[in-house]
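> model the structure of this input:
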Amino acid sequence: MAEVLPLVEARLRSALGEPDARAAVTFLGADRIEVLRFTEGELVRYATLGMSATPMADPNAVIADQVRGPRVELVLSVRAGLADTDKVLRPLAVLAASPQVEGVVVAPGASLDVGEPLWPGAPFSSVLVAESGGLVPDLELDAPADPVRFLPLLPMTANEAAWKRVHGAGALQERWLARGTDLRDPLRASVALADG
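Numbering: from 1, shown residues only. Take a look at the predicted model:
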């Protein structure tokens, strides 16, 4: 169902404008993943394109359903000019290929880790997957296919990722909100996690 991708790209363009750069990454045993860059004022957004071509399958299913199942693309927003965030293209593509390569289902509340800094000097190697429906509206597909959801990625420091494993995604997001954390700052420090 590769015809999904032109619709996905059209939705990204309608929500974020024209991309000013794009890169393609191919992994052995996986379809090509593109990452599009959109610059708007002081923000730069990176969106995957290709992850939603087929639905994510339950890793325990005997046969993968080629029509039904969750479809997502990933969106990362950071402040421009503070770090070499364009190096995030390959890590983003790795995350986008993980359902095909590792059989994982990417959903809100999940933690994804690339095992290395997201970009040079980044204090983050992992991200928290947030809820869709904000920046880029869901894309409805013809039944019985599930809609394509555009999931924001929120970079996490190692301490935040460890704290989230114990307390949950909701608690970490509440902590960020209560402390006024700028989640788009590509060089931010870890939020204060001790109570008091």
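
> tell me the helices and strands packed up against the strand or helix carrying Gln173.
Using DSSP states H and E, the element containing Gln173 is helix 169-178. Packed against helix 169-178 by the contact rule (3 or more CB pairs under 8 Å, 6 or more residues apart in numbering; DSSP states H and E) you find strand 124-129, strand 148-157, helix 158-167. For glycine as for every other residue, the C-beta is placed from the backbone atoms N, C-alpha and C.

> which residues are in contact with the shortest one?
Looking back up the chat, that one is strand 124-129. 74, 76, 95, 106-118, 151-158, 161, 164, 169, 172-173 (CB atoms under 8 Å, 6 or more residues apart in numbering).

> partner strands of that strand and their direction?
strand 111-113 (antiparallel), strand 148-157 (antiparallel) (DSSP bridges).

> buried stuff in that strand?
Phe124, Ser125, Ser126, Val127, Leu128, Val129 (16 or more other CB atoms under 10 Å).

> is it true that Leu95 lies in a strand?
No. Counting by DSSP: H, G, I helix; E, B strand; the rest coil, Leu95 is not part of a strand but helix.

> run a quick neighbour tally on the residue nearest to it when sequence neighbours are not counted.
Distances taken as CB to CB, 6 or more residues apart in numbering place Leu112 nearest to Leu95, at 5.0 Å, with adjacent residues excluded. By the criterion of other CB atoms under 10 Å, Leu112 has 21 neighbours.

> who touches Leu112 in this structure?
Leu95, Ser98, Val106, Ser126, Val127, Val129, Leu153.

> bridge partners for it, pull those for me.
Val127.

> and stretch 19-31, average pLDDT?
Averaging pLDDT along stretch 19-31 gives 86.

> and the closest residue to Leu36 other than its chain neighbours, how far from Ala171?
Excluding the flanking residues, the one nearest Leu36 by CB to CB, 6+ apart is Pro19, at 4.0 Å. In this view, Pro19 and Ala171 are 35 Å apart by CB to CB, to the nearest Å.

> equivalent analysis for Leu187, please.
From Leu187 to Ala171 the distance is 24 Å (CB to CB).

> tell me which element the residue nearest the centre of the chain is part of?
With the centre of the chain defined as its mean C-alpha position, the nearest residue by CA atoms, centre = their mean is Leu74, 3.0 Å away. Using DSSP H and E, Leu74 falls within strand 71-79.

> quick one: mean pLDDT over that strand.
pLDDT averaged over strand 71-79 gives 96.

> so which elements touch that strand?
Strand 71-79 packs on helix 4-16, strand 43-49, helix 89-102, strand 148-157, going by 3+ CB pairs under 8 Å, 6+ apart.

> any stretches of the chain with poor pLDDT?
Across the chain, the ranges flagged by pLDDT under 70 are 1-2, 58-66, 195-196.
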